[in-house]
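Visitor: sequence? don't have it. structure:
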């Protein structure tokens, strides 16, 4: 019986052992980047209310953070912060979102995770998530909503400035710092602090960027914000999935919003298009890195194909030589065929281990568009909550939810969303109340929503046709209502 | 044969070393508050808070109008009129509390600090003493709470610059301080602290 040592004595064993070792090394370790590495598990748990039971809506983020660690911390904290806002846990939202903000602000220079992600054999998604500029900006936006609960509104305004700066990462100067929702809210916050001069400056910036937007009066102490639609999606395209594209996932059925309280009816105006912000970023430096990885993979694949062809031809030649009983030629051709085969296998392994795929991790609970309205109200007494109605392009009410109210001094920030940030949804249906309020105010003759939809389309250069193909989700029709009510439930992906 | 065994062992070693244990984190350590931390950005950090307040303490104590008076000046030094106009979310108490405490310790009675933040608490206690709910304590009763001579105001401003191409981020931060005479509105002392920080994110984040 031959021992392993005897086997290794054959000359063929040496390249075979080496190629096996290389293959095992590359295949076994190249993808470790995507494996879960809980470097600092439980950060989100630490940021939640101490000793309080973790709400069901926040539990998935706690578990995900424990599993995914720092790599997805910004994403998990941002999504959890949004859910905390929905639960009206403003201090929790502050802690989660400010932690995400400080991670975004951290300069990643000579960072091992970033270095690793630049390697040909590690996917871009291995890096710690900081998000695209629009996602980073939205961290600042939600943090500003959470900071509204502080008596001092300085930090809320600082958050909105932070958000605006993130938008300056656009490659094209035309689209740099054009998120007008930020100066709009900041101007209103200045009015709340009694600083009308600064408020005017902010509103001037809004009017300059979008002349059709109506800015608040100095006496408007209530700001109503509605978030509509599904988050923009990221799609990896190209032969090796190395090109990042953005897609509007919202079907665009909802094209207008109304706010009602008692018999008061306000029509919201569109102030932001989040998908537009995502899609106008332009070329990224990382795209060149990914293109380089894709090119490397193409080269490796070409070498593998060429070497396989070479091996095939030389093996045919070896067979011919063997038939001619020319042992010298047969031996030489067989050696070359083996060499070609080894090179082909090696190159194939290298190609398969190369990861040029673009990072498509997305903040999936962001809205597609943001709408606002402002009004003046007596905020001293207890008031009924505001209801947010979602309308189609013709102005017909599709559904409505109760809004959240945050107070700072004499100012109220009222906030609502079409899609919840988690399941179970924390938004209560108010369709019947909303429909009754609209009926009472309009007496069946309201064109204000349809007119505003046309103005929004003009301001944001969006057509009045569906924005994207509708997602595959069940549509539930309830017989008790006179209008089609859509069931809005989504899980964070 | 020895060469081949060596090769086999090397291949195994390569395999094992390539699949070494991933980063398991670092235990908590105390760090110098004057030093740049592991997590560094371009905003105000602990070393900036300590540096700016140290400079202001020295400068206020070197201002004769404030500290060389026959009677110790009374100063309100809190965050009420200290504005954050920067792009960084910051707890302003970090600055004003350190400034007040270090100033109080260094002034050695040349400055007295009036706490307006405690006004409600003090008023409640005074009411209870005067209504006989509690005794008068060991201190002499005052006719009124202390009025102030000066109040600190200030502002944190920032100017951000960013290059989309190079990924360079720069922030100029300016922190201003003023002591305002609460009778005349005159500014009796002012100073500013400014710094600029810049960094470049890894290309993978651009």
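Guide: Perfect, thanks for sending it. All of these numbers come straight from a predicted model, not from anything done at the bench.

Visitor: tell me which residue in the stretch 301-450 of chain A sits closest to chain B.
Guide: Proximity of the stretch 301-450 of chain A to chain B (C-beta to the nearest C-beta) peaks at residue A:359, 8.9 Å away. The C-beta positions use only the backbone N, C-alpha and C, and glycine is treated the same way.

Visitor: also the stretch 201-350 of chain A?
Guide: The minimum distance from the stretch 201-350 of chain A to chain B, using C-beta to the nearest C-beta, falls at residue A:285 (3.6 Å).

Visitor: hmm, back to that, is it true that the residue of the stretch 301-450 of chain A closest to chain B touches residue A:125?
Guide: Yes. Between residue A:359 and residue A:125 there is a contact under C-beta atoms under 8 Å: 4.2 Å.

Visitor: in chain B, which helix or strand is least confident?
Guide: Lowest mean confidence among the helices and strands of chain B (mean pLDDT, DSSP states H and E): helix B:2-18, at a mean of 50.

Visitor: after it comes which helix or strand?
Guide: Later in the chain than helix B:2-18, the nearest helix or strand by DSSP states H and E is helix B:46-61.

Visitor: other residues contacting whichever helix or strand comes after that following helix?
Guide: Once the chain leaves helix B:46-61, the next helix or strand it forms, by DSSP H and E, is helix B:64-67. With C-beta atoms under 8 Å, 6 or more residues apart in numbering or on different chains as the test, helix B:64-67 has contacts from B:60, B:61, B:73, B:75, B:107, B:110, B:111, B:150, B:179, B:188, B:189.

Visitor: which ones among those residues map onto strands?
Guide: B:73, B:75, B:111, B:150, B:179, B:188, B:189 (DSSP state E).

Visitor: going through the residues you listed, which ones are buried?
Guide: Buried by 16 or more other C-beta atoms under 10 Å in any protein chain shown: B:73, B:75, B:111, B:150, B:179, B:189, out of the ones in strands among the contacts of helix B:64-67.

Visitor: and these as CSV, adding pLDDT and distance to residue A:80?
Guide: Listed next are these as CSV, based on pLDDT from 0 to 100; distance: C-beta to C-beta, whole Å:
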residue, pLDDT, distance to residue A:80
B:73, 94, 49
B:75, 96, 43
B:111, 94, 45
B:150, 96, 45
B:179, 96, 43
B:189, 96, 45
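
Visitor: out of these, which touch chain A?
Guide: With the criterion set as C-beta under 8 Å from any C-beta of the partner chain, no member of these is near chain A.

Visitor: and the furthest pair within the residues you listed?
Guide: With C-beta to C-beta as the measure, no two of these lie farther apart than B:111 and B:189, at 11.4 Å.

Visitor: common neighbours of those two, please.
Guide: Common neighbours of residue B:111 and residue B:189, using C-beta under 8 Å, 6+ apart, are B:60, B:66.

Visitor: residue A:277 and residue A:137 touch, don't they?
Guide: Yes. Checked against C-beta under 8 Å, the pair residue A:277 and residue A:137 is within contact range at 7.1 Å.

Visitor: wait, is the residue of the stretch 301-450 of chain A closest to chain B part of a strand?
Guide: No. Using DSSP: H, G, I helix; E, B strand; the rest coil, the assignment for residue A:359 is coil, not a strand.

Visitor: wait, residue B:153 sits on residue B:81?
Guide: Yes. Using C-beta under 8 Å, residue B:153 is in contact with residue B:81, at 4.2 Å.

Visitor: quick one: which of these two has more around it?
Guide: residue B:153 (17 against 14; other C-beta atoms under 10 Å in any protein chain shown).

Visitor: list the buried residues for whatever helix or strand the more buried one lives in?
Guide: For residue B:153, the host element (DSSP H and E) is strand B:150-162. Neighbour-count burial for strand B:150-162 flags B:150, B:151, B:152, B:153, B:154, B:155, B:156, B:157, B:158, B:160, B:162 (criterion: 16+ other C-beta under 10 Å).

Visitor: my read is that residue A:43 contacts residue A:96, right?
Guide: No. Counting by C-beta under 8 Å, residue A:43 sits too far from residue A:96 to count as a contact (9.4 Å).

Visitor: overlap in contacts, these two.
Guide: Counting by C-beta under 8 Å, 6+ apart, the residues touching both residue A:43 and residue A:96 are residue A:77.

Visitor: compare those two (neighbour count), which wins?
Guide: Using other C-beta under 10 Å, the more surrounded residue of residue A:43 and residue A:96 is residue A:96, with 31 against 19.
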